[in-house]
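Asker: after the sequence you'll find the predicted model.
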Amino acid sequence: MANVFNWQLGRDMHYQYGADRPARQVAWVFDTNKCIACQTCTIACKQTWTWGRGQEYMLWNNVETKPYGFFPTGWDVKLLEMLGPASWRDGVYQGETVFEKAPEGERVLGWQPEAEDWSHPNVGEDEPAGETGRGTYVGSIPHDVWFYYLARICNHCTYPACLAACPRNAIYKRPEDGIVLVDQSRCRGYQECVTACPYKKVMFNPVSGTSEKCIACFPKIEQGLQTQCVTSCIGRIRFAGFISPPGEVNESNPIDFLVKVRKVALPLYPQSGTEPNVYYVPPMHAPKPFLRQMFGPGVDEALETYTKAREDRDLLGLMMLMGATPYIIHAFKVEGEVAKGFDASGKELVSVPLREPTFTRKYFDEVRDVYLHNIT
Ligand code: SF4
Ligand code: SF4
């Protein structure tokens, strides 16, 4: 057992192995405010990676409606029940992680979903919290009646619970980019990783008898391309790239800018202790106490900054670059009314206007004698 620093907890913690951070760490930012739950990402991932035998039920990418949606059923409610309510003081987590709270003889605190738990990926879809009686009116932020969509993939954690729990050393974290993979030739299907992952993002294949998980589209990452879930995203809610190690910040790096400079993107359930590397812009309209449990103590600052994004040219420009190119944007800058993205060599990949031009359609076309608006 080693003592490692977890920047999301603001403190050291116990972990099974030493803190050999990769040369660079793959990371994502998802903006929950823009997701429409069209599930295009889910299907893009499924058609690419999980169309084989034994994978029928698998969704390495899923999009669930919060607060009542889960895949598998109740995954995060169970996590919160096991860890207890998260409490923070001055940005430092006061509770225990899944490693520190592991039962005697175990490496990680976890639970094993039943087959039934994987059977209802759309449970709770579009189901709001709050009373929706006659005359319900949604007029202020946060809303009394609310739900939001949470898109999820494996977090390619810095301290993966799946890796720590594997008795076969079949799970490894690539030193070149931090992608977490299951070595299929070593896995014997003990499913300790399934039990351990707090996010339930390892799945067991009953045909091959091995565990499988999101591979971060590593053949694309290796070619400088963003992952399938990112490039297929209809809502343009996603960025894939690399995050700098703790204590280092590269202001022109989109992921660093959103996570460390403007701090609008936050980790999912940081109290798990795995240092997850998918970062979320929290939803503006949901109750803050709920969001603080899910995204940690940075929620208030993140939302305050996000709501002023229109006045923040760098933040606005960067958000306009989301979904604008299939390539990984390593650096960006805003010049005049244009935001530009660059690859690792500094070559320009894409440029987008800060504000899309708008055109007002005439009400009536005299030449063709036709109304151009819906007049019914
Ligand atoms: S494709 Fe994008 S907008 Fe559609 S569900 Fe997935 S994350 Fe949300
Ligand atoms: S999200 Fe789960 S499966 Fe993915 S690296 Fe973290 S612990 Fe492992």
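Answerer: Noted; the coordinates are in hand. Ligands and ions are numbered 1, 2, ... in the order given.

Asker: chain center to stretch 193-208: distance?
Answerer: Centre-to-centre, stretch 193-208 and its host chain are 18 Å apart (CA atoms, centre = their mean, to the nearest Å).

Asker: and that stretch, which residues are buried?
Answerer: The neighbour-count check on stretch 193-208 (16 or more other CB atoms under 10 Å) flags 193-205 as buried. To be clear about C-beta, it is placed using only N, CA and C from the backbone, and glycine gets the same treatment.

Asker: same check on stretch 61-81?
Answerer: Quick answer for stretch 61-81 (16+ other CB under 10 Å): 61-67, 69-73, 75-76, 78-79.

Asker: does that stretch come close to ligand 1?
Answerer: Yes. Residues of stretch 61-81 contacting ligand 1 under CB under 6 Å from any ligand atom: residue 63.

Asker: now the end-to-end length of that stretch.
Answerer: 24 Å (CA to CA, to the nearest Å).

Asker: change the start of the numbering to 5 and stick with it
Answerer: Will do, 5 is the new start, and the previous item becomes stretch 65-85.

Asker: out of the buried residues of stretch 65-85, which sit inside strands?
Answerer: Counting by DSSP state E, the buried residues of stretch 65-85 place 66, 67, 68, 69, 70 in strands.

Asker: so which of those reach ligand 2?
Answerer: Answer for these near ligand 2: none qualify (CB under 6 Å from any ligand atom).

Asker: from these, which is closest to ligand 1?
Answerer: residue 67 (4.3 Å; CB to the nearest ligand atom).

Asker: pretty sure residue 240 contacts residue 326?
Answerer: Yes. Counting by CB atoms under 8 Å, residue 326 is a contact partner of residue 240 at 4.9 Å.

Asker: the more surrounded of the two?
Answerer: More crowded of residue 240 and residue 326, by other CB atoms under 10 Å: residue 326, with 23 against 16.

Asker: what does this protein put close to ligand 1?
Answerer: Residues of the chain lying near ligand 1 by CB under 6 Å from any ligand atom: 39-45, 67, 153, 155, 237-239, 241.

Asker: ok, of the residues you listed, which come out buried?
Answerer: With burial judged by 16+ other CB under 10 Å, the buried subset of those is 39, 41, 43, 44, 45, 67, 153, 155, 237, 239, 241.

Asker: OK, contacts around the last one?
Answerer: With contact taken as CB atoms under 8 Å, 6 or more residues apart in numbering, residue 241 is in contact with 34, 35, 36, 37, 38, 39, 155, 326, 327.

Asker: please apply the same query to the first one.
Answerer: For residue 39, the residues meeting the contact criterion (CB under 8 Å, 6+ apart) are 67, 152, 153, 154, 155, 239, 241.

Asker: can you tell me if the one helix or strand the third one maps to touches ligand 2.
Answerer: This points to residue 153. For residue 153, the host element (DSSP states H and E) is strand 152-156. No. Strand 152-156 lies out of reach of ligand 2 by CB under 6 Å from any ligand atom, never closer than 8.9 Å.

Asker: name the helices or strands packed onto that strand?
Answerer: strand 66-70 (3 or more CB pairs under 8 Å, 6 or more residues apart in numbering; DSSP states H and E).

Asker: parallel or antiparallel, list what pairs with the strand it packs on.
Answerer: strand 152-156 (antiparallel) (DSSP bridges).
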